[in-house]
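Novice: predicted structure and sequence below. I'll ask about it afterward.
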Amino acid sequence: MVSDYPKITYRKHTFFSALALGLAAVIIALIVCCTVIIIYGMHFAGEESQKFVAMVEDAVQGLPALQKSLPPVFADMLDDYRQPEYSAQLEITAKTASPDQDGRLRTSISVVNKGAEVVSLLSLRVVVLDSQGQILAESNEWAATPFAAEHDWPGPLMPGSVRYFTCSDRGAAAPSAGDLKTQVEITDVRLWSGRKDTPSTDTPKASETDKSASPAPASAAGV
């Protein structure tokens, strides 16, 4: 008599099949974890960005009051504006001497302020080239700063004044100073706009003669 029941076949997992199942489980767990981390990170970044924007808005709104409360030396630093067109009022000359025994190139620079404004910030990029146009040395220099201090802070450049300074950098040896070419590029110009909270002195005041010339009030007639 033939049995009608299906036969059940048991297959044993080999080492490689068990390894594949384990790797699949690990990959699925990593994908789930990364998805949770990304979603949480986006939510956290959104909250932090909103807080940062609010802080920036509060800081911008509080700048006028902060500027008035600061001492004049620091308040004047915030009272300037960028004016690239003023570069036409600045005459800059530069000359580089031959390298010294240590191979350093020394460049002498002079800046003349021909305009009528106070230059609160002037940034220059100085490049020394040889006769073939190869760069021997380059540096960024401050020709004017909001206030004067030690260590490359020369201070503002007043109208009609001349600013002299030198800069040095180690470069390749050149045959003579005649083979060197110095180029100066103005990278930033800012002008001092002046304190706007200073009371104006142009308002005319009434003089004593004006007071005496004004008609006196009429008195009541007696009976």
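Specialist: Sure thing, it's come through.

Novice: would you map the strands across the chain?
Specialist: Assignment of strands within the chain using DSSP state E yields the ranges 80-82, 90-96, 104-113, 119-129, 135-144, 148-149, 153-154, 162-170, 181-192.

Novice: now do the last one against strand 135-144, angle only.
Specialist: With axes from the mean of the first three to the mean of the last three Cα atoms, to 10 degrees applied, the angle from strand 181-192 to strand 135-144 works out at 20 degrees.

Novice: let me see the mean pLDDT of strand 181-192.
Specialist: Per-region confidence: strand 181-192 scores 93 on mean pLDDT.

Novice: neighbouring contacts of it?
Specialist: For strand 181-192, contacts defined as Cβ atoms under 8 Å, 6 or more residues apart in numbering pick out 76, 79-84, 86-87, 90, 92, 94-96, 107, 109, 117-131, 140, 156. The way it works is simple: take the backbone N, C-alpha and C, and place the C-beta from them, glycine included.

Novice: by mean pLDDT, which helix or strand of this structure comes out lowest?
Specialist: Within the chain, no helix or strand scores below helix 208-213, which has a mean of 48 by mean pLDDT, DSSP states H and E.

Novice: Arg164 against Ile109, yeah?
Specialist: Residue 164: Tyr, not Arg. Yes: shown here, Tyr164 and Ile109 form a contact pair, counting by Cβ atoms under 8 Å, at 7.4 Å.

Novice: picking that back up, weed out the non-buried ones from the contacts of strand 181-192.
Specialist: 76, 79-80, 83, 86, 90, 92, 94, 96, 107, 109, 117-124, 126-130, 156 (16 or more other Cβ atoms under 10 Å).

Novice: how deep is Arg163 tucked in, by neighbour count?
Specialist: Close neighbours of Arg163, defined as other Cβ atoms under 10 Å, add up to 20.
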